[in-house]
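> predicted model and sequence below, questions to follow.
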Amino acid sequence: MNVYDGMRIAAMLEHHGFEQTENVSDADIILLNTCSVRAKATDKVYSALGRIRRAKKPNAIYGIVGCVARESGADAFRKIRDLNFVLGPQSYHKLPEILNDPNTKLLDINLGGLEKFDELPPITKSPHVAYIPIQEGCNHCCTYCIVPYTRGPEISRPYNDILAEIMHSATVGAIEICLLGQNVNGYKYTDEHGKTYRLSDIIRDVAKIDSVKRIRFTSSYPTEMTDDLIDLFRTEPKLLPFLNMPIQSGSEHILQRMNRPYDLTGYMDIINKFRTARPDIQISSDFIVGFPGEQDDDFEQTINIAKNVRFINSYSFKYSPRPHTAAALMPDQIPENIKSERLIKLDSVLNEIQREFNLSCIDKTFQCLYEGVDKTGTHHIYRTPYMQPCIVSTEQPKTLANIKITSANKSCLHGKIID
Ligand code: SAH
């Protein structure tokens with residue numbers, strides 16, 4: 001979501017005659033796009049603003065956008081007096097207002113819903129992967145999560161607007177479409193004729209666009225996986241065989257306290273439906289360790305479910321108490337050192353599963369999408385249908401290539417282009 005917001009902000013400023021620079025001291029306008037899901041990201045914002053303040057040209061304007069802006073509001077101006085703007089994740093389209101009068105302070109942290117999508121100028125070029133938000137906000141109240149506060153209640157974008165944006169992205173270069181939402185499979189939009197559209201309808205229409213070759217979506221809520229969506233994995237080859245479906249914990253007692261309305265049997269039933277529809281599917285998850293009240297035994301159950309499902313490409317986090325959330329007020333918080341120990345243990349299990357999965361790919365051939373050159377500038381990186389990075393030596397990288405995997409380790413694959 002933040003990648004998408006960042007790209008739209010850059011396109012908007014380009015529309016106003018700006019160009020991007022890597023160098024803070026060259027910039028006339030500087031903004032930090034911020035995340036507040038965990039405290040660590042939030043904590044970094046003010047030290048980063050301090051660094052920007054010291055490095056920037058004296059008359060350059062600067063500020064924050066995104067979820068930390070929404071959370072801090074006017075407080076941000078009290079903390080850093082010469083900050084010029086503080087704009088929430090649904091108000092960043094108002095940024096150009098500050099260009100007319102750089103001496104004002106621009107503050108807008110309202111939850112304006114979908115207004116920004118109508119105000120932003122269209123992008124003029126797209127990377128191979130286009131992220132397209134189809135809904136914003138979330139109505140689930142997971143007790144750890146700040147998102148309903150920062151991004152507001154769930155709201156689905158009009159179907160035709162989404163299709164138009166995807167069509168445009170495809171015209172300007174997108175090959176893969178990643179449909180985005182805080183609760184992406186909860187997408188539901190009823191048009192003026194009373195017709196209701198779901199995520200499966202979007203996927204079916206996107207698949208009809210010739211130049212789009214790969215489709216995926218994130219992030220899914222387990223209990224909103226409907227049969228029409230699961231069935232598409234059987235019939236729609238452009239849908240990648242890879243799905244992120246956060247379980248968060250393997251302990252039913254902790255899931256209840258998180259206000260996640262499924263048990264392990266229910267979660268496994270959904271996975272099995274996906275596996276029946278698409279036998280080569282792989283599942284990724286998000287995990288939180290050290291949630292209030294988590295005992296050793298609860299944590300062991302998380303390790304067990306990770307091993308049983310064999311999740312790949314997963315994300316694991318130490319529980320981070322957030323303002324405006326119920327879990328932050330729970331009395332039985334877990335000490336930091338125990339959270340750290342558990343995270344190390346879980347990561348070592350997830351890494352080993354990932355390594356084994358990567359090794360199982362050797363000698364297989366996948367159609368992969370070109371991403372760019374690696375940090376050293378000498379190798380080309382592709383993404384497999386499972387989102388593994390695959391390193392290839394070639395003079396002329398093709399956008400989509402069939403790549404035979406020749407070797408693998410925990411973090412990446414190596415391969416050669418066969419056509
Ligand atoms: N609905 C989005 C939420 C984004 S947060 C989604 O499902 O992706 C992404 C992940 O961050 C969540 O799945 C959860 O595992 C983790 N997370 C959210 N709040 C957290 C908190 N307070 N502490 C630690 N991890 C958290």
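Yep, it's here. Residues are numbered from 1 along each chain as shown.
> residue contacts, the residue lying closest to Ile80 once chain neighbours are set aside?
Closest residue in space to Ile80, ignoring its immediate chain neighbours: Leu49 at 5.6 Å, by C-beta to C-beta, 6 or more residues apart in numbering. Every C-beta, even on glycine, is put in place using the N, C-alpha and C of the backbone. With contact set as C-beta atoms under 8 Å, 6 or more residues apart in numbering, Leu49 has these partners: Leu32, Tyr62, Ile64, Ile80, Leu83.
> can you check the pLDDT for the residue positioned nearest the centre of the chain?
Centroid check for the chain by C-alpha atoms, centre = their mean gives Met1 as the closest residue, at 5.3 Å. Looking at Met1, its pLDDT reads 90.
> quick check: chain neighbours aside, which residue is closest to it?
Nearest residue to Met1, sequence neighbours excluded (C-beta to C-beta, 6+ apart): Leu180, at 5.7 Å.
> and the one you found, bridged to which residues?
Partner residues in beta bridges with Leu180, using DSSP bridges, are Pro133, Thr218.
> surely it meets Phe217?
Yes - here Leu180 reaches Phe217: they are 7.3 Å apart, a contact under C-beta atoms under 8 Å.
> compare these two (neighbour count), which wins?
Legend: neighbour count by other C-beta atoms under 10 Å for Leu180 and Phe217, higher for Phe217 (23 against 19).
> on that earlier part again, secondary structure class of the residue nearest to Ile80, three-state.
The three-state label for Leu49, taken from DSSP: H, G, I helix; E, B strand; the rest coil, comes out as helix.
> the helices in the stretch 251-400 of the chain, which residues?
252-257, 264-277, 296-309, 336-360 (DSSP state H, counting those that start in this stretch).
> so which of these is nearest the ligand?
Distances from the ligand to each of those were compared by C-beta to the nearest ligand atom, and the smallest falls on helix 336-360, at 9.6 Å.
> okay, and Asn402 sits in which element?
For Asn402, the host element (DSSP states H and E) is strand 400-408.
> can you pull the residues of the stretch 1-150 of the chain lying near the ligand?
Val37, Arg38, Cys138, Tyr144, Cys145, Val147 (C-beta under 6 Å from any ligand atom).
> check these and tell me the two furthest apart.
Arg38 and Cys138 (16.2 Å; C-beta to C-beta).
> of those two, which one has the most company?
Shown here are Arg38 and Cys138; by other C-beta under 10 Å, Cys138 has more neighbours (23 against 17).
> report pLDDT for the more buried one.
Cys138 is assigned a predicted lDDT (pLDDT) of 95.
> nearest residue to it other than its sequence neighbours?
The shortest distance from Cys138 to any residue other than its chain neighbours is 4.2 Å, reached at Gln182 (C-beta to C-beta, 6+ apart).
> between the contacts of Leu49, which is nearest Thr378?
Scanning those for proximity to Thr378, where the rule is C-beta to C-beta, the winner is Leu32, at 31.6 Å.
> helix, strand, or coil at that closest one?
In the three-state summary, Leu32 is assigned as strand, counting by three-state DSSP.
> need the contact list for Ala408.
By C-beta under 8 Å, 6+ apart, the contact set of Ala408 is Arg355, Asn358, Leu359, Cys361, Ile362, His414.
> quick one: it and Leu243, what's the gap?
The spacing between Ala408 and Leu243, counted by C-beta to C-beta, to the nearest Å, is 21 Å.
> try Ile230
Distance of Ile230 to Leu243, given as C-beta to C-beta: 10 Å.
> ok, Met330 next?
Met330 is 31 Å from Leu243, where distance means C-beta to C-beta.
> between those two, which one's more packed in?
When neighbours are counted by other C-beta under 10 Å, Met330 and Leu243 differ, and Leu243 comes out ahead with 23 against 15.
> for the more buried one, phi and psi?
Summarising the backbone geometry of Leu243 under the convention degrees, to the nearest 10, its torsions are phi -140, psi 130.
> what about the nearest residue to it once chain neighbours are set aside, distance to the ligand?
Distance criterion C-beta to C-beta, 6+ apart; nearest residue to Leu243, sequence neighbours excluded, is Ile283 at 5.5 Å. Ile283 sits at a distance of 14 Å from the ligand (criterion: C-beta to the nearest ligand atom, to the nearest Å).
> OK, contacts around whichever residue of the stretch 101-250 of the chain sits closest to the ligand?
Among the residues of the stretch 101-250 of the chain, Ser219 lies closest to the ligand, at 3.3 Å counting by C-beta to the nearest ligand atom. Contact partners of Ser219, counting by C-beta under 8 Å, 6+ apart, are Gly181, Gln182, Asn183, Val184, Asn244, Pro246, Asp286.
> for the ligand, tell me which of the residues you listed show up nearby.
Applying C-beta under 6 Å from any ligand atom to these, those adjacent to the ligand are Gln182, Asn183, Pro246, Asp286.
> now name the helix or strand holding the first one.
I take that to be Gln182. Using DSSP H and E, Gln182 is not contained in any helix or strand.
> which pLDDT value goes with it?
94.
> count the neighbours of it for me.
Neighbourhood size, Gln182 [other C-beta under 10 Å]: 23.
> contact partners for it?
Applying C-beta under 8 Å, 6+ apart, the residues contacting Gln182 are Met1, Gln135, Glu136, Gly137, Cys138, Val147, Arg151, Glu154, Ser219.
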